[in-house]
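Trainee: Take a look and give me a structure for this.
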Amino acid sequence: MKKSLLFYCVWLFSLGTAYAQTPLPTAALDLTLQSTYSAQTIRSGVAYNPDQKLYYSVTPNSSNYLIETFNAAGVSKAKVSAGFDYAGVWWNPNTRQLEGNGSFFGGIWVQNLDANAYPLSSGRNDIPNTMGPYFFSSAQYDWMADEIIHYYEGNIYRYKRATHEPVGTVSVTGLPVPTEDVHNAFIAYTGLPGYEIGLYNEQEKVLYYVNKATGAYAGSSQLPVNTPSVSLFNLGFANGRLWVFDDATLRWNGYKVMCTATSGEITATACERYTSPSGKHTWTESGTYQDQLTNAAGCDSLLTIRLTIKKPTAATFTEVACSRYVWRGKTYTQSGTYRDTIPNAAGCDSVMTLNLTITQPTASTTTIAACGAYDWMGTTYTESGTYQTTIPNRAGCDSLMTLKLTIHQPTASTLAMTACGAYAWRGKTYEESGTYRDTIPNAAGCDSVLTLNLTITQPTAATFQATACEQYEWQGQVYTSGGTYRDTIPNGAGCDSIMTLELTLLQPTASTTQITSCTRYEWQGTAYTESGTYQATIPNAAGCDSVMTLELTMNQPTTSAATVTTCEAYEWRGTTYEASGTYRDTIPNIAGCDSVMTLTLTITQPTASTATIAACGAYDWMGTTYTESGTYQTAIPNAAGCDSAMTLKLTVTTVDTSVTVEGGTLTSNAANATYQWVDVAQNYLPIEGATAQQFTPEASGTYAVIVTQGECSDTSSHLSVVVTGVADRLLATHCKAYPNPTAGDVTLSLGQTYRQVEVRVRNTMGQIVAVMRADATAEVQVPLPGAAGLYIVEVQANEQRTQLKVVKR
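Mentor: As a prediction, this is how the structure comes out:
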């Protein structure tokens, strides 16, 4: 039975057949194992069982040698006395065993497990009385080489798992720190090629990676600065994590230090097409494919898919039935084509088509008159009457046949005759005596048997044969036509002596032949290609002239051509064509000659197009203005005359150009935009540095803001701003315009006499339409040129400024 994909990936890693990326430069805490032992705080390692996804924690130097089991979520599930003093612990994937090396007692201990893979309080010591290089050395297991490995004082020690015989020692080189700075009793085995050995620097919270074969430094993983401190033990390595025990919380903290890529294989069957688990691929043919996923560890997972694509099927049945036909649970009484769809053996659709012909029973009546007897349908009838039988007709239905029979009887007569030489009877001449019979129909239509009893006396006879052209003279008579001629004279016996002339007269002959032919006709060795009357003279068989006349009508073949352009398909001469091309058919024309018909066919196709448009404010398309984003469709004839389906995917961006005026500050209400404030009176001159959402003018005037959002820009309405100081407020308080509204000019009352007065009039576009200047005055007459509307009157008196709004009717 196949394991699930997740199980399969972990299993490959356990056997060392997975492939891995480089270690993670920065390790992160991603799993904790919360211990329920409170009295004992020293832990000597963690092991991981990938088959049941269980973690095991062991303790050294205690009276009961505690061992605790956790599930994949880090929850404690069982705890028991191990019966052994563990210094290091690991899971052996080759034997599916929980193992470890001893602390005080030495040896390699194999822990007994129950059916749930929970440890029991028993085990066995495979290699007793064996120690590593250091009394408290926490060993690890290299499952690929089947070796026990230790680290002590800058060296890596390797031993055979089966015998504990030394394999070799290699010195660690190239560490960023002195070797005495790494934990002296701890070693991690990662299984990553080139990064197999892990050594821990407690001070810097760094796990260094070392090449097992050379001892050379290969890289590192930095743990968080708040990683708990450890002493002699309290470290472990399992399932790609460095485990650090926190004495304060009685919790193992698992820091993910490497990313293991995995591979897996599944078998899939689909109908017509299959989409890969990642959604990146769609396949329509059977085969072996690969898909790349991200596994639970966040690394690449290469999935091999052995794919079988099954196909839908179709079957057609042709049936002829009498009156009705039952098919697929339905009864059909009319001819036609019927279909049904069922799953085939592959699980795909099987389309079944029935071409059904319904035939009907028939009946016929035959009226027969016969003589004596009549055989009908295998039976001989000798009496008149009406008879019936039933047989299958051509359609397989009953055919009721009726015979109306009349039986007539034959007759007989005898004649005795004596003749001289010969006797002619019933169209025959008899020259010998004898009895002769002949059968003729009687009045009833039956045989009438006539019998002649003949006695012949012999005359004499002579026969002459002659052949002549046109005429012949015999016995004093001229004959102009061939034939047998006789002359009779008495012979010595008293009978006639008959002289017979067998005359063949040969005549000149003439014949006319009427022929209608196509293109050409060959006659008497000559080929004729035109209609007309032709003659030839040849000797006939008698040696006389034979004049032959040929009346010849010559017909010609015809041709016709048609050029057709149509959409998708065209039916011509009983055939439906779906592809462009030149097609021909030949039929007899009215003259009986070939008529070659040529069709030049152009098949055009419907089309479809999609336009993706981003517009500002609105967009005109196909005669309609759209102001909202959305997908719109229409159909028009294309150049080929077929439907053209047009789709518009429209995104409309509307720029908010409203402005809030508060005090002397202008604020654009558009968010997430860029801004450019402009001076309307200066022909929309951009104000330098005024590119914020808010703008406080330093001088009175008419302003606007250009708002840009994405690709769209729009300009706000004009905003007139008066900047006033303390002195300005005096002028603003007393300056009045009247009449307002006005039909023409307006009078400005300044409230007091000013030394110098200048008045400017602007229209709503910010354009100056009038300028007035006066000295030592308290009142100014101001013209309002132009059309009716709103005008802004700007007043500067001495150093004071103000503005008024005036309406012209």
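
Trainee: Give me the neighbour count for the closest residue in space to Ser497 that isn't next to it in sequence.
Mentor: Distance criterion C-beta to C-beta, 6 or more residues apart in numbering; nearest residue to Ser497, sequence neighbours excluded, is Asn491 at 3.7 Å. Every C-beta, even on glycine, is put in place using the N, C-alpha and C of the backbone. Close neighbours of Asn491, defined as other C-beta atoms under 10 Å, add up to 16.

Trainee: what does Thr26 give?
Mentor: 11.

Trainee: Excluding covalently adjacent residues, which one is nearest to it?
Mentor: Closest to Thr26 by C-beta to C-beta, 6+ apart is Gln222, at 5.4 Å.

Trainee: pretty sure the one you found is touching Tyr208, no?
Mentor: No: under the criterion of C-beta atoms under 8 Å, Gln222 is not in contact with Tyr208, lying 10.5 Å apart.

Trainee: how about Gln222, what does it touch?
Mentor: Pro25, Thr26, Ala27, Lys205, Val206 (C-beta atoms under 8 Å, 6 or more residues apart in numbering).

Trainee: Could you measure from it over to Ala188?
Mentor: 15 Å (C-beta to C-beta, to the nearest Å).

Trainee: With Ile456 instead?
Mentor: 145 Å.

Trainee: more neighbours, the two?
Mentor: Neighbours per residue, other C-beta under 10 Å: of Ile456 and Ala188, the larger number sits with Ala188, 26 against 18.

Trainee: Just list whatever residues bridge to the more buried one.
Mentor: Gly198 (DSSP bridges).

Trainee: Gly132 belongs to a helix?
Mentor: No: Gly132 is assigned coil when assessed by DSSP: H, G, I helix; E, B strand; the rest coil, not a helix.

Trainee: Make sure it is actually in contact with Asn101.
Mentor: Yes: shown here, Gly132 and Asn101 form a contact pair, counting by C-beta under 8 Å, at 6.5 Å.

Trainee: These two: which has the busier surroundings?
Mentor: Neighbours were counted for Gly132 and for Asn101 using other C-beta under 10 Å; Asn101 has more, 30 against 24.

Trainee: And what about that one, helix, strand or coil?
Mentor: Going by three-state DSSP: Asn101 is strand.

Trainee: Quick check: Gly766 touching Leu685?
Mentor: No: Gly766 is beyond contact range of Leu685, at 10.8 Å (criterion: C-beta under 8 Å).

Trainee: Show me which of the two is the more surrounded one.
Mentor: Gly766 (20 against 10).

Trainee: Can you give me the neighbour number for the residue lying closest to the more buried one once chain neighbours are set aside?
Mentor: In space, and not counting its chain neighbours, Gly766 is closest to Val680: 3.4 Å by C-beta to C-beta, 6+ apart. Counted with other C-beta under 10 Å, residues neighbouring Val680 total 21.

Trainee: quick one: contacts for Val680?
Mentor: Val680 makes contact with Gly701, Thr702, Tyr703, Ala704, His718, Met765, Gly766 under the criterion C-beta under 8 Å, 6+ apart.

Trainee: okay, and for the stretch 151-300 of the chain, where does confidence drop off?
Mentor: The model of the stretch 151-300 of the chain has pLDDT under 70 over residues 232, 260-261, 294-300.

Trainee: can you give me the strands for it?
Mentor: Using DSSP state E, counting those that start in this stretch, the strands assigned to the stretch 151-300 of the chain run over residues 155-160, 166-171, 188-189, 197-201, 206-210, 217-222, 235-238, 241-246, 251-256, 260-271, 274-275, 282-283, 287-294, 300-310.

Trainee: Return the backbone torsion pair for Ala639.
Mentor: Phi and psi for Ala639, reported as degrees, to the nearest 10, are phi -60, psi -20.

Trainee: measure it to Glu568 for me?
Mentor: 15 Å.

Trainee: what about those two, which has more around it?
Mentor: Counted by other C-beta under 10 Å, Ala639 and Glu568 do not tie: Glu568 has more neighbours, with 12 against 8.

Trainee: and the gap between the residue lying closest to Asn540 once chain neighbours are set aside and Thr512?
Mentor: Distances taken as C-beta to C-beta, 6+ apart place Ser546 nearest to Asn540, at 3.8 Å, with adjacent residues excluded. Relative to Thr512, Ser546 is positioned 12 Å away (C-beta to C-beta).

Trainee: which of the two has more neighbours?
Mentor: Ser546 (17 against 11).

Trainee: Find the centremost residue of the chain, please.
Mentor: What sits nearest the mean C-alpha location of the chain, by C-alpha atoms, centre = their mean, is Arg273, with 8.1 Å.

Trainee: these two touch, right, that one and Lys311?
Mentor: No: assessed by C-beta under 8 Å, Arg273 is found out of contact with Lys311, at 10.7 Å.

Trainee: Tell me which stretches of the protein form helices.
Mentor: 5-15, 726-734 (DSSP state H).

Trainee: can you tell me which of those the model trusts least?
Mentor: Of all the helices of the chain, the minimum mean pLDDT falls on helix 5-15 (a mean of 29).

Trainee: So Ser595 is in contact with Ile587, correct?
Mentor: Yes: taking contacts as C-beta under 8 Å, Ser595 lies within contact range of Ile587: 5.2 Å.

Trainee: Neighbour count for these two, which is higher?
Mentor: Just comparing Ser595 and Ile587: by other C-beta under 10 Å the higher neighbour count belongs to Ser595, 16 against 10.

Trainee: how about that one, what does it touch?
Mentor: Pro557, Thr558, Thr559, Ser560, Thr586, Ile587, Pro588, Asn589.

Trainee: Let's see the PyMOL selection covering just the buried ones among the residues you listed.
Mentor: To isolate the buried subset of the contacts of Ser595 in PyMOL, counting by 16 or more other C-beta atoms under 10 Å, use the following:
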select buried, resi 589
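
Trainee: quick one: which of the contacts of Ser595 is nearest Val172?
Mentor: Among the contacts of Ser595, Thr586 lies closest to Val172 (C-beta to C-beta), at 95.3 Å.

Trainee: and that closest one, what does it touch?
Mentor: If you count contacts by C-beta under 8 Å, 6+ apart, Thr586 has them with Asp594, Ser595, Val596, Met597.

Trainee: What remains of the residues you listed if I keep only buried residues?
Mentor: Among the contacts of Thr586, the ones that count as buried by 16+ other C-beta under 10 Å are Ser595, Met597.

Trainee: possible to save the contacts of Thr586 as TSV with distance to Gly194?
Mentor: Listed next are the contacts of Thr586 as TSV, based on distance: C-beta to C-beta, whole Å:
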residue	distance to Gly194
Asp594	86
Ser595	86
Val596	82
Met597	81
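
Trainee: between the contacts of Thr586, which is nearest Phe136?
Mentor: Once C-beta to C-beta is applied, the member of the contacts of Thr586 that ends up nearest Phe136 is Met597, at 104.4 Å.

Trainee: which residues do Gly132 and Asn101 both contact?
Mentor: Ala139, Ile148.
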